[in-house]
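S.K.: Return atomic coordinates for the entry below.
(one chain, ligands or ions: 2)
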Amino acid sequence: MGIRRSSSSVPENRADVVVVGGGTAGIVAAKTAAGFGVRVVLIERERTGGDCLWTGCVPSKALLAAASVAATVRSASRFGIDTEPPQVDFPRVMEHVHGAIAEIAPIDSPEALTEAGVHVISGDAVFTGPNTVSVGTRVVSFGQAIVTTGAHPTVPAIDGIEHVDYLTSDTLWDLTVLPERLLIVGAGSVGCEMAQAFSRLGSEVTLIGRSATILPREDASASSILTQALTDEGVRVLTSTSVVRIADDSAVTDTGTEIAFDRVLVATGRTPRTASLGLESAGVALSDNGFVRVDEHLRTTNPRIWAAGDLTGHPQFTHTAGVHGSLAASNAALGLSRTVSTTGTPRVTFTDPEIASAGIDVRSARRLGLRLQTLDHHHVDRAVTEGRTAGSTTLVLDAKRRIVGACVVGPRAGETIGELIIAIEQGLRTRDLAGATHPYPTYNDGPWNAAIADVKAQLGSPVLSRSLRTLAKSRSLWIRRARDTRR
Ligand SMILES: Cc1cc2nc3c(=O)[nH]c(=O)nc-3n(C[C@H](O)[C@H](O)[C@H](O)COP(=O)(O)OP(=O)(O)OC[C@H]3O[C@@H](n4cnc5c(N)ncnc54)[C@H](O)[C@@H]3O)c2cc1C
Ligand SMILES: NC(=O)c1ccc[n+]([C@@H]2O[C@H](COP(=O)([O-])OP(=O)(O)OC[C@H]3O[C@@H](n4cnc5c(N)ncnc54)[C@H](O)[C@@H]3O)[C@@H](O)[C@H]2O)c1
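M.R.: Ligands and ions are numbered 1, 2, ... in the order given. Predicted structure coming up:
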């Protein structure tokens, strides 16, 4: 969906709030500010909706959904159901992917923004001073501005890559033919999700990561469950490996292995989109690695300019972009001093099994010496009934047994993590979670049983169990005496 200039006009070239970039952060920021009744201009150079809608979350989750159906058909016989091997019609799979985008697009459209009271301008925004931004020949002056121009795929400096027609998450969605052999460089969220999706759809996939484990931000135990799942499905996973040379149809790793491929996907992180924005003219400083420097209120080094989303160095997720877009807009439009949350950003990698984390992650918890309460999903009956026991739930607990972090690995972990996010935000203890009856059998028995196990462990401590034994003895003594008195 392209941009049409809205018919609603903003008085001349002046706005209370200018938002530069119309992805998740920009859309949420613009709608939030407009909701306060101020004059808002949003400038977008390509199409509103941004990475999440067009090239990120939506197409990747739609592709994973199709791939999951193929995997279910392929594994039907373990439930005693015999089928033919699935026939993947890739163009129709991609129709499904683009259909999902088309269905969601209207929510992010210029029309929806106009409806919300935002004036949308199409074009490349460049700051020309501390309170002016130009779009072509037009100059808009602003009271406050919010920069939300996102990030683009990082292409690593591999010898020969400039001659290769590589794919990135920006171009992947234009594929019309399923690659027979797909090499994926980078084993982060994009690499792992796409490795599983393409493998399940029928590609022969090699996944290369330079860290010791895939998804290196996750705890090694979570990564190893996923590595096993990917390997079992036929993905060749190479860790602690870098590609040192690449040509059109083959790559050579630092261990000297040659890998032949038909297409290569580069998935090695995202670089903030700050070049050519004129940020230096606006007095907006960048950090050493190119992110816009912001304080805890998302204010940049120019007090009238704020930033939100992938370009700030905060975790690069749609939910972060949205929440921070709203926060920056409230601070800019209302003069508030809202601060970004410090409890840790929840995240989900939508592989099978899913890996979901919130609060203090397990890696940091180990470093900090915090208590970990882990429940293997062999003890989650729902997982047993579905034959999906490869997973675990880990609660990170502080000295007062408050839940300060969690990691869930398993089907629907992205849904399960929801209650743990509330627990972390509200400072709940394991006894609070243990005391809340959960319906049986669900995957949420993972956190519930982990919490119950922790409460039991506390009851088993020498001091507490001595007190409980004393209490029980006094009670039976009292009952006996009462009975004797009645006689
Ligand atoms: C394959 C993939 C899957 C993902 N899956 C998930 C997921 O499942 N869950 C999740 O939470 N996150 C996911 N993400 C991350 C998520 O997509 C991003 O974190 C989020 O979209 C960032 O939003 P943003 O508003 O900061 O930036 P963007 O969405 O990139 O928006 C920036 C906008 O600014 C515009 N722009 C840039 N420069 C200018 C300029 N000079 N003038 C005017 N406009 C400009 C761009 O055209 C763009 O529209 C995924 C990312 C990828 C790549
Ligand atoms: N489910 C989700 O929420 C989801 C899904 C996809 C992407 N995203 C977001 O998009 C961002 C970008 O994803 P991504 O996977 O590209 O980045 P990433 O930072 O998650 O992972 C990139 C990986 O590539 C590795 N790497 C870097 N250079 C390399 C090289 N030359 N050779 C081999 N490995 C190399 C890094 O060590 C890292 O593990 C993520 O940070 C994430 O926030 C989120």
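S.K.: residues in contact with the residue lying closest to Gly123 once chain neighbours are set aside?
M.R.: For Gly123, ignoring the flanking residues on the chain, the nearest one in space by CB to CB, 6 or more residues apart in numbering is Val135 at 3.9 Å. In short, each C-beta sits where N, CA and C put it, glycine included. Residues in contact with Val135 (CB atoms under 8 Å, 6 or more residues apart in numbering) are 43, 121-126.
S.K.: among the residues you listed, which two are most distant?
M.R.: Within those, Ser122 and Val126 form the most distant pair, 14.3 Å apart (CB to CB).
S.K.: In this structure His297 contacts Ala332, no?
M.R.: No - checked against CB atoms under 8 Å, the pair His297 and Ala332 is beyond contact range at 9.6 Å.
S.K.: Can you work out which residues contact both of those two?
M.R.: Trp306.
S.K.: what pLDDT does the residue of the stretch 101-250 of the chain found nearest ligand 2 get?
M.R.: Going by CB to the nearest ligand atom, ligand 2 is nearest to Gly188 of the stretch 101-250 of the chain, at 1.8 Å. Listed pLDDT for Gly188 reads 98.
S.K.: is it true that it touches Gly269?
M.R.: Yes - assessed by CB under 8 Å, Gly188 is found in contact with Gly269 at 6.7 Å.
S.K.: More neighbours: these two, which one.
M.R.: Higher neighbour count among Gly188 and Gly269: Gly188, with 18 against 15, using other CB atoms under 10 Å.
S.K.: got the contact list for that one?
M.R.: Counting by CB under 8 Å, 6+ apart, Gly188 makes contact with 209, 215-217, 267-269.
S.K.: repeat for Ser223
M.R.: 213-216.
S.K.: Looking at the protein, which helix is longest?
M.R.: The longest helix of the chain (DSSP state H) is helix 462-486.
S.K.: Now do the same contact list for Leu468.
M.R.: Leu468 sits next to Leu459 when contact means CB under 8 Å, 6+ apart.
S.K.: How many neighbouring residues does Val40 have?
M.R.: Using other CB under 10 Å, Val40 has 31 neighbouring residues.
S.K.: Do I have it right that it meets Ile27?
M.R.: No - contact between Val40 and Ile27 fails when scored by CB under 8 Å: they sit 11.1 Å apart.
S.K.: and Leu53, which of the three is it?
M.R.: helix (DSSP: H, G, I helix; E, B strand; the rest coil).
S.K.: number of nearby residues for the nearest residue to it once chain neighbours are set aside?
M.R.: In space, and not counting its chain neighbours, Leu53 is closest to Asp108: 5.6 Å by CB to CB, 6+ apart. Look at Asp108: counted by other CB under 10 Å, it has 22 neighbours.
S.K.: what residues are up against Asp108?
M.R.: 22, 27, 48-50, 53.
S.K.: Could you rerun that using 7 Å?
M.R.: 27, 48-49, 53 (CB atoms under 7 Å, 6 or more residues apart in numbering).
S.K.: looking at those, which has the most residues close by?
M.R.: Highest neighbour count within the contacts of Asp108, by other CB under 10 Å: Ile27, with 30 neighbours.
S.K.: quick check: mean pLDDT across the helix or strand containing that one?
M.R.: For Ile27, the host element (DSSP states H and E) is helix 24-35. Averaging pLDDT along helix 24-35 yields 98.
S.K.: do the same with stretch 365-377
M.R.: pLDDT averaged over stretch 365-377 gives 97.
S.K.: could you dump that stretch to PDB, C-alpha only?
M.R.: What follows is stretch 365-377, C-alpha atoms only, in PDB (Å, rounded to 0.1, in the frame of the first residue of the first chain):
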ATOM      1  CA  ALA A 365      20.600 -14.900  36.400                       C
ATOM      2  CA  ARG A 366      23.300 -17.600  36.500                       C
ATOM      3  CA  ARG A 367      25.900 -14.800  36.400                       C
ATOM      4  CA  LEU A 368      24.100 -12.900  39.200                       C
ATOM      5  CA  GLY A 369      23.700 -16.100  41.300                       C
ATOM      6  CA  LEU A 370      19.900 -15.900  41.400                       C
ATOM      7  CA  ARG A 371      17.800 -18.900  42.200                       C
ATOM      8  CA  LEU A 372      16.500 -20.900  39.200                       C
ATOM      9  CA  GLN A 373      13.500 -23.200  39.400                       C
ATOM     10  CA  THR A 374      13.200 -25.400  36.300                       C
ATOM     11  CA  LEU A 375      10.500 -27.800  35.400                       C
ATOM     12  CA  ASP A 376      11.100 -30.300  32.500                       C
ATOM     13  CA  HIS A 377       8.000 -30.500  30.300                       C
END
